[in-house]
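[1] pasting the structure only:
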DNA sequence: GTTCTCACA
DNA sequence: TGTGAGAA
């Protein structure tokens, strides 16, 4: 546990793989797997991996994307949009299109989830009504 | 505890 | 999309 005494918001804080694994409730194996897939690129201190706050954010984004059903490749696409590695105006226009497209897909996904939740509300209401009716006849 | 690689689903 | 095992 390096930087035990450094404030967690310090920009040069680093994390070990086990710290991040514990924090995000994944195995160290999983974090190495993400690295192998090119989703993160931690620093090295000899053989040991050292994760920067930026690496930590990337892992957080990966796991968030995963929770909403995105593939790792899709996570990469979204994460890369945060990267200001694009410079010329043609690339920037292209990025705006990508963001627009991604936004549209997220919005559709949100509408789908809302509809599914509404469906669950109906099912639950029916169940509760059925229980209440059964109670009346006993 | 961490690294890597190979196999496996 | 990961996990488990074995060896270093």
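    Yes, it's here. Please read these numbers as outputs of a predicted model, since none were measured by experiment.
[2] Which helix or which strand is home to residue A:79?
    helix A:72-82 (DSSP states H and E).
[3] anything in that helix near DNA strand B?
    No - using Cβ under 7 Å from any atom of the strand, helix A:72-82 never reaches DNA strand B; the gap is at least 12.8 Å. C-betas here are computed from N, CA, C, even on glycine.
[4] same deal with stretch A:21-39?
    Yes - interface with DNA strand B: stretch A:21-39 contributes A:28, A:32 (Cβ under 7 Å from any atom of the strand).
[5] before we move on, the earlier item: the inter-axis angle of the helix or strand just after the helix holding residue A:79 versus helix A:72-82?
    Going down the chain from helix A:72-82, the next helix or strand is helix A:89-136, by DSSP H and E. Interaxial angle of helix A:89-136 relative to helix A:72-82 (axes from the mean of the first three to the mean of the last three Cα atoms, to 10 degrees): 130 degrees.
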